[in-house]
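A.B. asks: Okay, predicted coordinates and the sequence, questions at the end:
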Amino acid sequence: MTPKETASKKARRELARALDLSELVQHHDRFLRLLDRFWIAEDSGLSFEELEGLLVNGMRPVTLRDRIERHVFRNPGDWSTEDLFDNLGVFEAGDARLARFLEGLVSADVLLDEHLQEKTVGTINGHLRPAGVELRVTGNDGGYPVFTVVSTQLHGTRRPKNIIFASFHQARHPLPVLGGQRHRDRRRQAGRHPRLRP
């Protein structure tokens with residue numbers, strides 16, 4: 001996402017509500033690797049005094065990863081996508097970080113089903129387009145599409161309006177192009193070019 005085009009907190013929250021968490025977390029380890037890359041820090045969110053109390057009692061502090069394991073994987077349905085995004089900090093994250101996260105979310109590293117990739121991209125784009133950006137296929141990774149967040153308002157990212165098919169086959173009698181080299185050559189040969197007259 002470009003600095004000019006931002007997805008509002010409201011748009012991000014509506015996007016989270018539209019995504020089906022059970023489809024996104026089908027591959028536990030792959031999904032957690034994505035979260036590790038963008039969001040999860042081994043911070044428990046506890047104050048120093050609370051941490052000290054836990055350590056004195058021999059208990060390990062509960063981390064965000066622990067909460068995700070519990071509420072997303074061990075007890076499916078405890079958290080919605082909105083709950084997960086809220087705990088991760090997606091709603092407050094910068095646009096570039098959100099864009100890279102969404103690209104990773106629909107990548108073949110997380111979603112191993114191309115139809116699910118395309119379905120998820122369609123859902124995400126419905127919420128990103130009003131902000132002037134969308135996920136678009138920009139490459140291929142082992143047969144799976146690679147999606148990148150691009151602006152829909154830049155000249156180079158517009159979809160073509162017309163597709164023109166051309167042939168490299170040369171006609172038997174090419175027509176002279178006015179002002180072109182062939183036309184000038186023919187006029188010279190015929191003696192009608194002003195520079196060739198005596």
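C.D. replies: Looks like it came in fine. Numbers count the residues shown, from 1 in each chain.
A.B. asks: Looking only at residue counts, what's the top helix in this structure?
C.D. replies: Longest helix in the chain by number of residues (criterion: DSSP state H): helix 114-128.
A.B. asks: Show me which residues of the helix or strand just after that one are buried.
C.D. replies: Note on helix 114-128: by DSSP states H and E, the next helix or strand toward the C-terminus is strand 133-141. Neighbour counts over strand 133-141 (16 or more other C-beta atoms under 10 Å) mark 133-136 as buried. Yep, even glycine has a C-beta here, placed from its N, CA and C like the rest.
A.B. asks: what lines up beside strand 133-141 in the sheet?
C.D. replies: In the sheet, strand 133-141 lines up against strand 144-151 (antiparallel) (DSSP bridges).
A.B. asks: Contacts only, for the closest residue in space to Glu14 that isn't next to it in sequence.
C.D. replies: Closest residue to Glu14 apart from its sequence neighbours, by C-beta to C-beta, 6 or more residues apart in numbering: His127 at 5.7 Å. Applying C-beta atoms under 8 Å, 6 or more residues apart in numbering, one finds that His127 lies in contact with 7, 11-12, 14-15, 18.
A.B. asks: ok, now with 7 Å
C.D. replies: Listed by C-beta atoms under 7 Å, 6 or more residues apart in numbering, the contact set of His127 reads 11, 14-15, 18.
A.B. asks: mean confidence for the longest helix of the chain?
C.D. replies: Across helix 114-128, the average pLDDT comes to 96.
A.B. asks: again with stretch 19-34
C.D. replies: 95.
A.B. asks: How about that stretch, which residues are buried there?
C.D. replies: For stretch 19-34, the neighbour count (16+ other C-beta under 10 Å) marks 19, 21, 24-25, 30-32, 34 as buried.
A.B. asks: okay, those in CSV with distance to Phe147 next?
C.D. replies: Below are these laid out as CSV (distance: C-beta to C-beta, whole Å):
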residue, distance to Phe147
Leu19, 15
Leu21, 19
Leu24, 14
Val25, 19
Arg30, 16
Phe31, 17
Leu32, 21
Leu34, 14
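A.B. asks: Tell me the one among those residues nearest to His115.
C.D. replies: Distances from His115 to the buried residues of stretch 19-34, taken as C-beta to C-beta, are shortest for Leu24 (14.2 Å).
A.B. asks: circling back to that earlier point, pull the CA atoms of the longest helix of the chain into CSV?
C.D. replies: Provided in CSV are the C-alpha atoms of helix 114-128 (Å, rounded to 0.1, in the frame of the first residue of the first chain):
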residue,chain,number,x,y,z
GLU,A,114,-5.2,-22.4,-5.5
HIS,A,115,-9.0,-22.0,-5.5
LEU,A,116,-8.8,-21.0,-1.8
GLN,A,117,-6.1,-18.5,-2.7
GLU,A,118,-8.3,-16.9,-5.3
LYS,A,119,-11.4,-16.9,-3.1
THR,A,120,-9.4,-15.3,-0.2
VAL,A,121,-7.9,-12.7,-2.6
GLY,A,122,-11.4,-11.9,-3.9
THR,A,123,-12.6,-11.3,-0.3
ILE,A,124,-9.6,-9.2,0.6
ASN,A,125,-9.8,-7.1,-2.6
GLY,A,126,-13.5,-6.3,-1.9
HIS,A,127,-12.2,-4.4,1.2
LEU,A,128,-9.0,-3.0,-0.3
